[in-house]
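Peer 1: my questions concern the predicted model and sequence given below.
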Amino acid sequence: MRVDLLVSDWKATANPGLPQEERERELYGQAWDAYQAGDYGFGLWCWQECDRLTINLGGNIREVTRILGPGRYFGFSHRKAVAEAVPVDRVYRPRKGDMSTPRPDAFVLPHYQVLCVYLVRAATGDPKAKATLEIALGELEDQRRADPFLRHFETFRDLLARTSAAAVAPAASPPMTPPAAETAAKPADRRTSTRRRG
């Protein structure tokens, strides 16, 4: 993928005399600027880089933000926008025993990012994405111990569910009806009907 090639070139041209954190900040800054210019491929790279740092720093978001620079943390809204932009038909998902190589225009994503992409598509009602996601989630428990990035997918899933629920809640309340219409719509009281004599 073009993004990986460009990031490799940027790494190669980085000043070796700079401290490691400064080099990481510069590299992330270049990718961030490309993402802000509209290239969501760099957004995918920033997403994973942000999560890699979060794992390496024990979940300390303040430290991650210090290294990346203020205002550059790749938050939920960025992740959701990038996941929506990824063309699902070009995502390469290797199967067990699959020896084929991905086609040149394919997106080779980390497993947890693929799950986020399918989750967003499933939320829009895409039946194929929903089925693929359900199959992948069946294997999630076995993979959780081996892949520390999966907790980032679970956080994304929880946030997506919360934002979806918040968007639906105001629309779900029934419309107000005037009191006159309510009384007209009520069925007649059954106590006023004739009593059975025994």
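Peer 2: The structure has been received and is ready for your questions.
Peer 1: now do the longest helix out of those in the chain, average pLDDT.
Peer 2: When every helix of the chain is counted residue by residue (DSSP state H), the longest turns out to be helix 150-172. Averaging pLDDT along helix 150-172 yields 81.
Peer 1: please renumber the chain so that the first residue is 36 from this point on.
Peer 2: Fine by me, first position is 36 from now on; the one you just mentioned is helix 185-207.
Peer 1: and residue 91, how far from residue 98?
Peer 2: 9 Å (CB to CB, to the nearest Å). All C-beta spots, glycine's among them, are computed from the backbone N, C-alpha and C.
Peer 1: how about residue 142?
Peer 2: 30 Å.
Peer 1: so which of these two has more stuff around it?
Peer 2: residue 142 (21 against 15; other CB atoms under 10 Å).
Peer 1: for stretch 61-77, give me every contacting residue.
Peer 2: 36-38, 41-42, 45-46, 49, 53, 78, 80-81, 84, 102-104, 107, 116-117, 120-121, 142 (CB atoms under 8 Å, 6 or more residues apart in numbering).
Peer 1: and if we set it to 7 Å?
Peer 2: By CB atoms under 7 Å, 6 or more residues apart in numbering, the residues outside stretch 61-77 that reach it are 36-38, 42, 45-46, 49, 78, 80-81, 84, 103-104, 107, 117, 120-121.
Peer 1: likewise stretch 107-120?
Peer 2: Against stretch 107-120 from outside (CB under 7 Å, 6+ apart): 63, 67, 75, 78-79, 81-82, 85, 96, 99-100, 151-152, 155, 191, 194-195.
Peer 1: what about it, distance to the chain center?
Peer 2: Relative to its chain's centre, stretch 107-120 lies at 7 Å (CA atoms, centre = their mean, to the nearest Å).
Peer 1: CA atoms only for it, dumped as CSV, please.
Peer 2: In CSV, the C-alpha atoms belonging to stretch 107-120 read as follows (Å, rounded to 0.1, in the frame of the first residue of the first chain):
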residue,chain,number,x,y,z
ARG,A,107,-3.6,14.8,17.4
TYR,A,108,-5.0,11.9,19.4
PHE,A,109,-6.9,9.6,17.0
GLY,A,110,-10.2,9.5,18.8
PHE,A,111,-13.5,7.7,18.2
SER,A,112,-14.9,10.3,15.7
HIS,A,113,-11.7,9.9,13.6
ARG,A,114,-11.9,6.1,13.8
LYS,A,115,-15.6,6.0,12.8
ALA,A,116,-15.0,8.4,9.8
VAL,A,117,-12.1,6.4,8.6
ALA,A,118,-13.9,3.0,9.1
GLU,A,119,-16.8,4.4,7.0
ALA,A,120,-14.5,5.5,4.2
